[in-house]
Each structure stands twice: as structure tokens, then as C-alpha cells.
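K.L.:
Next input, structure requested:
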Amino acid sequence: MKKALPILIIIVAAVSLFFTQYQGNKNNVDEEEITQIIEEEKQEPIVEYGFEIDSFAVYKDVIQPNQFLANILLKYHIPYTDIDMLAKMSRDIFDVRKIASGKKYTILCSKDSLGKAQCFIYEPNETEYVVFDMRDSISIYRGQKEVTTKIKQIEGTINSSLYQTLVEQEASPILAIEMANVYAWTIDFYSIQKGDHFNVVYEERYVDDKFIGIGKVLAANFNHYGRDYYAYRFKQDGITNYFDAEGNSLKRAFLKSPLEYGRLTSGFTMRRFHPVQKVNKPHLGTDYAAPTGTPILATGDGVVVESAYKKYNGNYVKIKHNSTYTTQYLHMSKRNAKTGQRVKQGDVIGYVGSTGLATGPHVCYRFWKHGSQVNHLKEETPPADPVKKEYLQKFTQLKDSLNQKLVKKDLVS
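P.N.:
Coordinates of the predicted model:
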């Protein structure tokens, strides 16, 4: 018995030590689990459209053809009377009759057994949404998604068209229109040729990492017929314009073309074979082909002195800009300006057609200087105001910064 006692003491001590260690480990595990739970509780809730959506049952879909607000919300236990009230209350904010197929919507429902819709969110475009909040009392309002801007730089050489060159560079072809707008007063984009090359810094806009479109052109150089045309976006006195490397405005008294985008088919010449009359005769204008209905723009500020129809001209508008310059626009399908009306540069004064002596839809653009018709493409018309002296240092700093970006790709703002 005396020999067994020490052995018993050793066994008891060993068992006690084992349970002590086990309990310690168990406590450690519990503390780790508790810490993890606390950290999970600290995680930020998922927020969309201003709602913590993880507190709802969320359903996302797109509007189907012939689907309306009523046959969407009825499925989520909203009665006709409430839907009718929603439609009436929303008219000043968003007309529910304009809900269109293919557009996205989200429904936030209660997480109880009924699953009744609490909010209906409709997205009319990539950046906006309309909220129909039906929780306590009806509230209808518009919201705006966060737009991320990335600065991009591309360059290319024209082989067939600017559009095709941009596609080859994996850039949005919409950039062609933006560039045409920048150079609307200095380059006729209907006459760009093979071998012309460009370099441009511009913005791309994203929502939820999805590309939604082109933003502003910040800087560009377009080499046309061997001549560099630089453009820098700059604001002075609250007004933004584009200026060249010396700070002169790219804006002129006249646009280079009466169409935003089209195709030059016949230039100013003293001898042209007329496609209808089959004789050689002067063509004292410039023809731009475009689809019927394409808007025709006033190339400069002025007063409409004629808006009429004549046998050969078809529907036409004539604008007197000042004592020096007059312009005329022929073969319209429809006129959108009246005699005596004052118009601004860029106003829509009519639409492309083939009325009068014309073989197809186009606008014949004519340009008078001191009473004589001249080739507008060779005219150096008066520029707008340059960068003011007090802004020159700021402009130069911006220009130097943009010049560095003109040679760097994949920039992010």
C-alpha cells in the first residue's frame, strides 16, 4: 500500500495537468472564435442605391417587352391601388410610362414569409436610377451612381478612316465625334486623308468598373496634310474652350462644316461635270453627303435672310452673318429656320434631304465673302479670344503637364 501511494499521486497529478491544459486550449479556441465573430460584425454592410441591401431579399432583372410597373410589382404583393398611387405621384420625377424594355431594375423585399416589395429601383441609363420607396410612406426620388474617370492616351495613323483607326486601337469610335467637335473650327474632318495621324488624351467613364462612355478630350495633336494642330482644354473666366500651343483659341467665327459628321462628295470648283444636267459647269459650293434627316447646323451667328423653296435649290436657308460673310444651305428635306430669325453657331436650321436638283441626300454648302462665292475650306476666318495674359502662366503649366501625358498610355486619374 505504501508503494502504491506515490504511483497514485503521480497519476492524479498527470490527469489534473491534462485537464488543465485541455481547458486552457478550449478557452483559447473560444476566445479566437469570439474575436472572429466580433470582426465579422464590424464588416461594412453592402450598400447599393443608398440602401443596406443585405437587410432585404434582393431581386434584380431587366424590363421585358410589354412589361409595365403593374405586372412587375403585383408579383411582389403590391396591390393595384398602391401601384396607381405610385404612378400618379411619380409624374413630376419620372413618368412610369417611359419604363423601357432592356433597362435594369432592382426590387428590395422584406425577408419575412410574405416577401413584400419595399423598394423598386429603375435604371433609365447607366448613371441614373429612380427609387420608389414604399416602406413607411411613399417616397420617389432620383439618384446618381458614382462615376469613375480614367485618363487614357492613344495615337494612330489614318489608313482608311478615323473611325476604323480608333477601332483598331481598341478605342470607342465615339471618340471620333468628340475629336471632330474639338477641331470643328480648324480641321474639316470630311477631308482627312491617309497618312494623317493623331495623338489624344481623353477621359473614359466607368460605373461599377463597366465602361459607359467617353468623357472630355483633354489634349490632342492632329497632323493633317503634314501640319500639326494642337488642342488643349482650358478654362478662363468660367468658360472652357480649346486653345493651340500658343494660347490662341481653336474656335472661329465659322464651323468648317455644316454637319457634325458626314462625307465630302464634291468640292468647290470652276469646272465640274454635273451629274443631273450632264454638262461641265462651275460648282460654287461644297457637297456633304449624309442620311436624310441629318441635322444641318448654322456655321456661324447671324440672321436668316432667306428660308424658301426653289426649283434647283430645293428647300434652302441663307444666313447673313455680318457685312462680310453670308452662307447658304441647299437641298434640305425640311427647313427649321424662318426668315428674319436670329441664329447662333451650331443651331439646327434644317435637315439633310434631296429636294431640288439633287441625285441623293446631301447638303450643298455655299459661302460668300464680300458678295463673291469662295471656297470656305481655304478661308482663314476670325478666331475667338485667346488665353488672357493673366491666365498664360496657368495655361502653360497645364499644357506642359498634358504634353507629358500625350506620350504615356493607360493613365488613371
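K.L.:
Kindly report the domain assignment for the chain.
P.N.:
The chain resolves into domains spanning 49-144, 148-243, 263-378 when parsed by automatic domain parsing.
K.L.:
for those domains, which one sits closest to Asp400?
P.N.:
Of all the domains of the chain, the one in closest proximity to Asp400, counting by Cβ to Cβ, is domain 148-243 (10.1 Å). Any C-beta I mention is one placed from the backbone N, CA and C, and that applies to glycine too.
K.L.:
what about that closest one, average pLDDT?
P.N.:
pLDDT averaged over domain 148-243 equals 91, rounded to a whole number.
K.L.:
which residue packs closest to Glu204, ignoring adjacent ones?
P.N.:
Lys150 (4.9 Å; Cβ to Cβ, 6 or more residues apart in numbering).
K.L.:
any idea how far that neighbour lies from Val217?
P.N.:
Lys150 sits at a distance of 14 Å from Val217 (criterion: Cβ to Cβ, to the nearest Å).
K.L.:
Comparing those two, which shows the higher neighbour count?
P.N.:
Here Lys150 and Val217 are compared on neighbour count by other Cβ atoms under 10 Å; more neighbours surround Val217, at 20 against 15.
K.L.:
Which neighbouring elements make contact with the lengthiest strand in the chain?
P.N.:
Among the elements of the chain assigned as strand by DSSP state E, the one spanning the most residues is strand 210-224. Secondary-structure packing of strand 210-224 (3 or more Cβ pairs under 8 Å, 6 or more residues apart in numbering; DSSP states H and E): helix 174-182, strand 197-207, strand 227-236, helix 392-405.
K.L.:
Return the set of buried residues in the helix or strand that the third one is followed by.
P.N.:
Toward the C-terminal end, the helix or strand that comes next after strand 227-236 (DSSP states H and E) is strand 239-243. Residues of strand 239-243 classed as buried: 241-243 (neighbour count, 16 or more other Cβ atoms under 10 Å).
K.L.:
re earlier: pull the longest strand of the chain out as PDB, backbone CA atoms only.
P.N.:
Coordinates of each C-alpha in strand 210-224 appear next as PDB, following Å, rounded to 0.1, in the frame of the first residue of the first chain:
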ATOM      1  CA  LYS A 210     -18.100  49.000 -66.500                       C
ATOM      2  CA  PHE A 211     -17.200  51.400 -69.400                       C
ATOM      3  CA  ILE A 212     -20.100  53.700 -70.000                       C
ATOM      4  CA  GLY A 213     -18.700  56.300 -72.400                       C
ATOM      5  CA  ILE A 214     -16.200  59.000 -73.400                       C
ATOM      6  CA  GLY A 215     -15.700  62.000 -71.200                       C
ATOM      7  CA  LYS A 216     -13.700  65.100 -72.100                       C
ATOM      8  CA  VAL A 217     -10.900  65.400 -74.600                       C
ATOM      9  CA  LEU A 218      -8.100  67.000 -72.500                       C
ATOM     10  CA  ALA A 219      -5.400  67.400 -75.200                       C
ATOM     11  CA  ALA A 220      -4.700  66.300 -78.700                       C
ATOM     12  CA  ASN A 221      -2.500  66.800 -81.700                       C
ATOM     13  CA  PHE A 222      -3.900  66.000 -85.100                       C
ATOM     14  CA  ASN A 223      -1.400  66.100 -88.000                       C
ATOM     15  CA  HIS A 224      -3.400  67.000 -91.100                       C
END
